[in-house]
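dropping a prediction and its sequence here:
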Amino acid sequence: MIVVSAASALAGFMLGGYLLSGTRRRKSMSLREWASGRLNRRELLGLLGAVGMTRTPGLIPGVALETDMTLVVRHPFSEERIHYVAIPKKDIKNLADLADGDVKYLSDIFAALQDLVRRDRLTDYQVIANGPERQDVAYLHFHLIAR
């Protein structure tokens, strides 16, 4: 029984290490926060988003366009006629966290948004990026919204 428990713990640790290896350091989440349910929802959703973007992009629903560096999905709860969310396939929390090598991800996002604007023949649209306090998910993303 001890061997099975130890093997399970080791397998879980290794799987967690693999899944989180492509993510950037985030505010630590203590066991006390986890048990009390006081986790920072935005940070947790950002971490889960980072794992999804880097490890399982093929499982994400509503994909409108995908490149090697960008995933664009239809917003599932929008009240607008057109609402896409463009997400880099690299864990970037917000604009302040950009590193030198991240500029190519921004260029690719805007190229993908340009493709959608042209494809959907949009003229009355907005591209929006929210700062950390305005994000529902602590993960850099851009909204393309059209009426």
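The structure has been received and is ready for your questions.

and the strand or helix carrying residue 103, what does it pack onto?
According to DSSP states H and E, residue 103 maps onto helix 103-119. Applying 3 or more CB pairs under 8 Å, 6 or more residues apart in numbering; DSSP states H and E, one finds that helix 103-119 makes contact with strand 63-66, strand 70-74, strand 82-88, strand 142-146. In this view, the C-beta of every residue, glycine as well, is placed from N, C-alpha and C.

possible to save those as a markdown table with mean neighbour count, distance to residue 107 and mean pLDDT?
What follows is these, written out as a markdown table (neighbours: other CB atoms under 10 Å; distance: least, CB to CB, whole Å; pLDDT from 0 to 100):
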| stretch | mean neighbour count | distance to residue 107 | mean pLDDT |
| --- | --- | --- | --- |
| strand 63-66 | 15 | 15 | 90 |
| strand 70-74 | 20 | 10 | 90 |
| strand 82-88 | 21 | 10 | 92 |
| strand 142-146 | 20 | 12 | 95 |
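
export those to TSV and tack on distance to residue 101?
Shown next, in TSV, are those (distance: least, CB to CB, whole Å):
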stretch	distance to residue 101
strand 63-66	20
strand 70-74	15
strand 82-88	11
strand 142-146	19
